[in-house]
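In: the sequence isn't on hand, but the structure is:
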């Protein structure tokens, strides 16, 4: 696992097509993800639930 520190407005690229940007909101920091429509993006807790359901 790669761990990076990023400030609001900074981003990382995953390959040539996926950008993960740190954005500041009134609620704090959030991640903005720009990826092709065919790439599924799922929150961690939902991904874990899907994995549990598939094991059953």
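Out: Happy to help now that I have it. These figures come from a predicted structure and were not determined experimentally.
In: what's the burial count for residue 54?
Out: For residue 54, the neighbour count with other CB atoms under 10 Å is 7. C-beta coordinates here come from the backbone N, C-alpha and C atoms, glycine included.
In: can you check residue 21 too?
Out: Neighbour tally, residue 21, other CB under 10 Å: 16.
In: same question, residue 41
Out: The local packing of residue 41 (other CB under 10 Å) involves 11 other residues.
In: nearest residue to it in space, ignoring adjacent ones along the chain?
Out: Excluding the flanking residues, the one nearest residue 41 by CB to CB, 6 or more residues apart in numbering is residue 33, at 5.6 Å.
In: so that neighbour sits in a strand?
Out: Yes: per DSSP: H, G, I helix; E, B strand; the rest coil, residue 33 lies within a strand segment.
In: residue contacts, it?
Out: Residues near residue 33 by CB atoms under 8 Å, 6 or more residues apart in numbering: 18-21, 41.
In: over to residue 6?
Out: Counting by CB under 8 Å, 6+ apart, residue 6 touches 12, 22.
In: quick one: it is in a strand?
Out: No: using three-state DSSP, the assignment for residue 6 is coil, not a strand.
In: ok, it to residue 27 distance?
Out: To residue 27, residue 6 is 17 Å away according to CB to CB, to the nearest Å.
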